[in-house]
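Engineer: Provide a 3D model corresponding to the input given below.
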Amino acid sequence: MKKHITVPAKIIRPILFALDNLRSLGDLSVRFWIANIFIQSGLSKITSWTTTLVLFKYEYTVPFISAASAAYIGTAFEFIFPILLILGFGGRLLIFCFFIYNLICVVSFQFLWTPAGSSGLNDHINWSLLLMMLMLHGSGKFSIDYLLHRKFGFLFKLGKKGQYQWANYKKN
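Structural biologist: Numbering: from 1, shown residues only. Predicted structure coming up:
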């Protein structure tokens, strides 16, 4: 006969309640962590712009656009996306774009796929996992999106044919 360990609900409930209340603080922490990483990367790019242009021309093989355009766009993304991420503005769509940007960074920098670049690849994978968590979970209560949602309600609702439609109603 197997014996099971039972934990009374009066012990588990307060723990789960505390974890639920800390969720938004965790979301905010992850947003700050990811934003800091990419802002530091952007700062390193503008510190030596000539080096950045050379890297984009010879090392970062961004598809479909010129090296100079990729350098400007990539650097702008590394400042704009983190600021919006910290503010919690743009929600899951912004986080999805950030996720795609990180994926493009991994694909365009071939060094990451070598044994010497494996630690950098691991960093990008970890950042992707954090971004994916935010993308699936949302920005949390400490965000502009949450405040806008509380004031104006949902922006979209699911229509009759499974399509999203603009809505102007508050959550009950």
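
Engineer: might you list the low-confidence residue ranges for the chain?
Structural biologist: By pLDDT under 70, the low-scoring segments of the chain are 1, 154-172.

Engineer: please enumerate the strands of it.
Structural biologist: Counting by DSSP state E, one finds strands in the chain at the ranges 154-158, 164-169.

Engineer: find the nearest non-adjacent residue to Arg92, please.
Structural biologist: Spatial nearest neighbour of Arg92, chain neighbours left out: Met135 (5.4 Å); criterion: Cβ to Cβ, 6 or more residues apart in numbering. Any C-beta I mention is one placed from the backbone N, CA and C, and that applies to glycine too.

Engineer: got the contact list for that neighbour?
Structural biologist: Going by Cβ atoms under 8 Å, 6 or more residues apart in numbering, Met135 touches Arg92, Ile95, Phe96, Phe99.

Engineer: looking at the residues you listed, state which has the most neighbours.
Structural biologist: The residue in the contacts of Met135 with the most neighbours, by other Cβ atoms under 10 Å, is Ile95 (26 neighbours).

Engineer: roughly how far apart are the nearest residue to it once chain neighbours are set aside and Glu78?
Structural biologist: Counting by Cβ to Cβ, 6+ apart, the nearest residue to Ile95 once its immediate chain neighbours are dropped is Met135, at 4.4 Å. Met135 is 18 Å from Glu78, where distance means Cβ to Cβ, to the nearest Å.

Engineer: same check on Val7?
Structural biologist: Using Cβ to Cβ, Val7 is found at 46 Å from Glu78.

Engineer: again, but for Ser29
Structural biologist: 20 Å.

Engineer: look at those two and report which has more neighbours.
Structural biologist: More neighbours surround Glu78 than the other of Ser29 and Glu78, with 22 against 14 (other Cβ under 10 Å).

Engineer: for the nearest residue to that one once chain neighbours are set aside, give me its contacts.
Structural biologist: Among residues not flanking Glu78 along the chain, Gly42 sits closest, at 3.2 Å (Cβ to Cβ, 6+ apart). Each residue near Gly42 by Cβ under 8 Å, 6+ apart is listed here: Thr75, Glu78, Phe79, Pro82.

Engineer: which residues are in contact with Ala67?
Structural biologist: Listed by Cβ under 8 Å, 6+ apart, the contact partners of Ala67 are Leu53, Phe56, Lys57, Tyr60.
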